[in-house]
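Enquirer: What follows is a predicted protein model with its sequence.
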Amino acid sequence: MSTLRKFAVLLFRNDLRIHDNEMIIMALKRGEIPVPLYCFDRNQISIPTHYFKLQPRCGIYRTRFLYESIQDLRLSLRNLGSDLLIRIGNPQEIIAQLIEEFNSKTEGSALISNVYLQREVTSEETIIEKKLSTLLKKFKIKPTYYWGTTLIHEEEVSNIFNGINNLPDTFSGFRVGIEKRNTFPIRSLLQPLLFPSIILNNSNVTLPEIPNWLERGRLPDPVQDLGLPPHFAGLHLVDPEDPNNNINRITHIDQRAVLQFKGGETEAIKRLRYYLWESDLLRVYKETRNGLVGGDYSSKFSPWLALGCISPRYIYNEIQRYERERERNESTYWLIFELLWRDYFRFYALKFGNKLFAQNGTSDKQIQWRTDMQAFEKWCNGQTGFPLIDANMRELALTGFMSNRGRQIVASFLTKDLRLNWLLGAEYFEKMLNDYDVCSNYGNWQYVAGCGNDPREDRYFNVIKQGKVYDAKADYIRLWVPEIIPIPRNLAHEPWNLSIVEQNNLGLRLGDTYPHPIVDAHRISATTKHGTNNSNHFRGRSQNNRRNNENNSRNKGHQQNRNDYKRQF
């Protein structure tokens, strides 16, 4: 009598990696043959955004990064002896089809006994989970969910605060709660720790083969299959196993970009190794993190973290190793600190649910927002007449990326200077950013807009003050706004102060070669004293004096063990 073979569907979503991936390990430990699956769902990619119907919801750079990440995951699984099934459609319906296909093909000799997937926290993703659970009841299967998106596990956070509903409404409260622990509550990396073969030879580890009769599927044609615009065509044609492939021939990223970002776990780990070990840039991270030009001023792990191409716990473990083998200082702490900010917004979304997307925010604050779409378009296109705003928005449009400092500045400008609805900015970022993360994006926009978790109501980033502090030599604005290159560097952030004669002598004409300011620039110049409020945090930034003092104290005891972090967090 033959033994019944049990298979388990592993539904990949925002966990596109093989290292530190709990569903792979759980299936193997239970003696189930993994059937990895990824579903391209049009509802997540090509439909308009919710409020202002910006199309498509997933822009060209994020789509490209996703395709590359899927290609890399498939190659990694193949190198382990398995494969990745690729389908187009709703995950719950596709999984039901797979189960029925198994039942008809195997005639009782094999069955799908389990479905694994990472738990998400926002409504569109949790609706899929509910529908899947309901549909699987007819097959007598209860899906297995796991938590894998954060540095600190949800159960640990729930224990610390006696339930997620008691999560502090501010990050500082969250931090204080964490620091009361005797040990930093991070679970160990899952074993065996698998990696893409180009990073580490896993010759001693293999995954069971999936049945040959299962159609592997192909990457969808973005235009024909997903309904994306014509300029998305060709993303599915690049073969990841072809050493001569060059996706830049299909989707061009401007050469001025800080990095030529490429999706996938392989590239994520390469970036981590470069930043920590090859370049030793982590040593000075705290001093350089507010930069604007070049690839080395910050870690830039965020695009890979957003799709789960790299585990935050793996980053943490590598930082720990760096501290043991090289140096422990404020910079090593600060990168961990930013991972905590990312965690906080995930738990914040879990606590507040759809209030994360509400116009009045989680604080239910009544603000009279404008919806001037002409002003919004000028903001999007980098035509506001403020060089620092225009430089950042053009960088985003041409590369899919913007620095953390830039995000703070343009968000403040949209909500505080233009008085436009913060949801316009949040949805535009959702469309354009290659590192879009739903929780961090909407949480941060509420923070800047003044209707989220910021205890200060008057937070404001003065664009002129910010430019003079963080782009003092005008290198950044000259890079992305070449129209202002003729202007002397010390005057470049305020071109409206040039007289007509000076403009003519420089070959510049406001309103012709470069736009007039979209709002009263002289008023903003007169309020530069407000520009010192810069402790906002996109993807994890803060400059609170109290934290800086704590970090200074920490530097006096580098030799202390990790348990002593409780004094600083």
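Expert: It's in.

Enquirer: Can you show me the strands along the stretch 101-250 of the chain?
Expert: 110-118, 144-146 (DSSP state E, counting those that start in this stretch).

Enquirer: which regions of the stretch 251-400 of the chain sit below the pLDDT cut-off?
Expert: Across the stretch 251-400 of the chain, the ranges flagged by pLDDT under 70 are 251.

Enquirer: before we move on, which element is Q92 in?
Expert: helix 91-106 (DSSP states H and E).

Enquirer: Can you tell me what sits against that helix?
Expert: 5, 7, 9, 11, 13, 35, 37, 39, 41, 85, 87, 110-112, 115, 128, 131-132, 135-136, 139, 141, 211, 213-214 (C-beta atoms under 8 Å, 6 or more residues apart in numbering). Every C-beta, even on glycine, is put in place using the N, C-alpha and C of the backbone.

Enquirer: let's go with 7 Å and repeat that
Expert: The contact list for helix 91-106 (C-beta atoms under 7 Å, 6 or more residues apart in numbering) reads 7, 9, 11, 39, 41, 87, 110-112, 115, 128, 131-132, 135, 139, 213.

Enquirer: what does stretch 346-364 give?
Expert: Residues outside stretch 346-364 that contact it (C-beta under 7 Å, 6+ apart): 50, 121-123, 149-150, 157, 164-165, 167, 366, 421, 423, 439, 442-443, 446, 449, 451-453.

Enquirer: Mind giving me the PyMOL command for buried ones among those residues?
Expert: To isolate in PyMOL the members of the contacts of stretch 346-364 that are buried, counting by 16 or more other C-beta atoms under 10 Å, one can use:
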select buried, resi 121+122+149+150+157+167+421+423+439+442+443+446+449+451+452+453
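
Enquirer: So which of the contacts of stretch 346-364 sit within helices?
Expert: 123, 157, 423, 439, 442-443, 446, 449 (DSSP state H).

Enquirer: Kindly indicate which of the residues you listed lies nearest Y67.
Expert: C439 (23.1 Å; C-beta to C-beta).

Enquirer: re the thing from before, mean pLDDT lowest for which of the strands of the stretch 101-250 of the chain?
Expert: Lowest mean pLDDT within the strands of the stretch 101-250 of the chain: strand 110-118, at a mean of 94.

Enquirer: Name the strands paired with that one and say parallel or antiparallel.
Expert: Strand pairing for strand 110-118, determined by DSSP bridges: strand 5-12 (parallel), strand 144-146 (parallel).

Enquirer: who wins for proximity to K465 among these?
Expert: Using C-beta to C-beta, these put strand 5-12 closest to K465, at 44.4 Å.

Enquirer: mind listing what's buried in that closest one?
Expert: For strand 5-12, a neighbour-count test (16+ other C-beta under 10 Å) marks 5, 7-12 as buried.

Enquirer: cool, stretch 47-62 as well?
Expert: Under 16+ other C-beta under 10 Å, the buried positions of stretch 47-62 are 49, 54, 56-62.

Enquirer: what's the answer for stretch 461-477, then?
Expert: Buried-residue list, stretch 461-477, by 16+ other C-beta under 10 Å: 461-468, 470-471, 474, 476-477.

Enquirer: any chance of those in TSV, with pLDDT and distance to D435 too?
Expert: Compiled in TSV, the buried residues of stretch 461-477 are given as follows (pLDDT from 0 to 100; distance: C-beta to C-beta, whole Å):
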residue	pLDDT	distance to D435
F461	93	20
N462	95	26
V463	97	23
I464	96	27
K465	96	26
Q466	97	21
G467	97	24
K468	95	27
Y470	97	20
D471	98	22
A474	98	26
Y476	98	19
I477	98	23
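
Enquirer: among those, which two are most distant?
Expert: Within the buried residues of stretch 461-477 (distances taken as C-beta to C-beta), the two that end up farthest apart are F461 and A474, at 18.0 Å.

Enquirer: what's near enough to touch S279?
Expert: S279 neighbours (C-beta under 7 Å, 6+ apart): D296.

Enquirer: can you check G443 too?
Expert: 345, 348-349, 356, 452 are the contacts of G443 under C-beta under 7 Å, 6+ apart.

Enquirer: same thing but 6 Å
Expert: 345, 348 (C-beta atoms under 6 Å, 6 or more residues apart in numbering).

Enquirer: likewise P48?
Expert: Here P48 is in contact with Q55 (criterion: C-beta under 6 Å, 6+ apart).

Enquirer: Dihedrals phi and psi, it?
Expert: Note on P48: backbone dihedrals following degrees, to the nearest 10 are phi -70, psi 160.

Enquirer: how far away is it from E330?
Expert: 43 Å (C-beta to C-beta, to the nearest Å).

Enquirer: Same check on S279?
Expert: 18 Å.

Enquirer: with the contacts of helix 91-106 in mind, which one is nearest to Y275?
Expert: For the contacts of helix 91-106, the nearest to Y275 is L11 (30.8 Å; C-beta to C-beta).

Enquirer: The nearest residue to that closest one once chain neighbours are set aside - how many residues pack around it?
Expert: Closest residue in space to L11, ignoring its immediate chain neighbours: L117 at 4.1 Å, by C-beta to C-beta, 6 or more residues apart in numbering. The local packing of L117 (other C-beta atoms under 10 Å) involves 23 other residues.

Enquirer: so L117 makes contact with L10?
Expert: No - look at L117 against L10 with C-beta atoms under 6 Å: they stay out of range, at 7.7 Å.

Enquirer: Going along the chain, name the helices of the stretch 351-500 of the chain.
Expert: 373-381, 387-399, 404-412, 422-432, 438-449, 463-470, 475-480, 500-506 (DSSP state H, counting those that start in this stretch).

Enquirer: Using CSV, write out every CA atom in the fourth one.
Expert: What that stands for is helix 422-432. The C-alpha trace of helix 422-432 is given here as CSV (Å, rounded to 0.1, in the frame of the first residue of the first chain):
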residue,chain,number,x,y,z
TRP,A,422,-2.4,64.4,2.7
LEU,A,423,-4.1,61.4,1.0
LEU,A,424,-3.1,62.8,-2.4
GLY,A,425,0.5,62.6,-1.4
ALA,A,426,0.2,59.2,0.2
GLU,A,427,-1.5,57.7,-2.8
TYR,A,428,1.1,59.3,-5.2
PHE,A,429,3.9,57.8,-3.1
GLU,A,430,2.0,54.4,-3.2
LYS,A,431,2.1,54.6,-6.9
MET,A,432,5.7,55.8,-7.4
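
Enquirer: and it, what's its mean pLDDT?
Expert: pLDDT averaged over helix 422-432 gives 98.

Enquirer: on that earlier part again, wait, which of the helices of the stretch 351-500 of the chain is closest to K262?
Expert: helix 387-399 (12.8 Å).

Enquirer: what packs against that closest one?
Expert: helix 404-412, helix 463-470, helix 475-480 (3 or more C-beta pairs under 6 Å, 6 or more residues apart in numbering; DSSP states H and E).

Enquirer: Alright, I will stop here.
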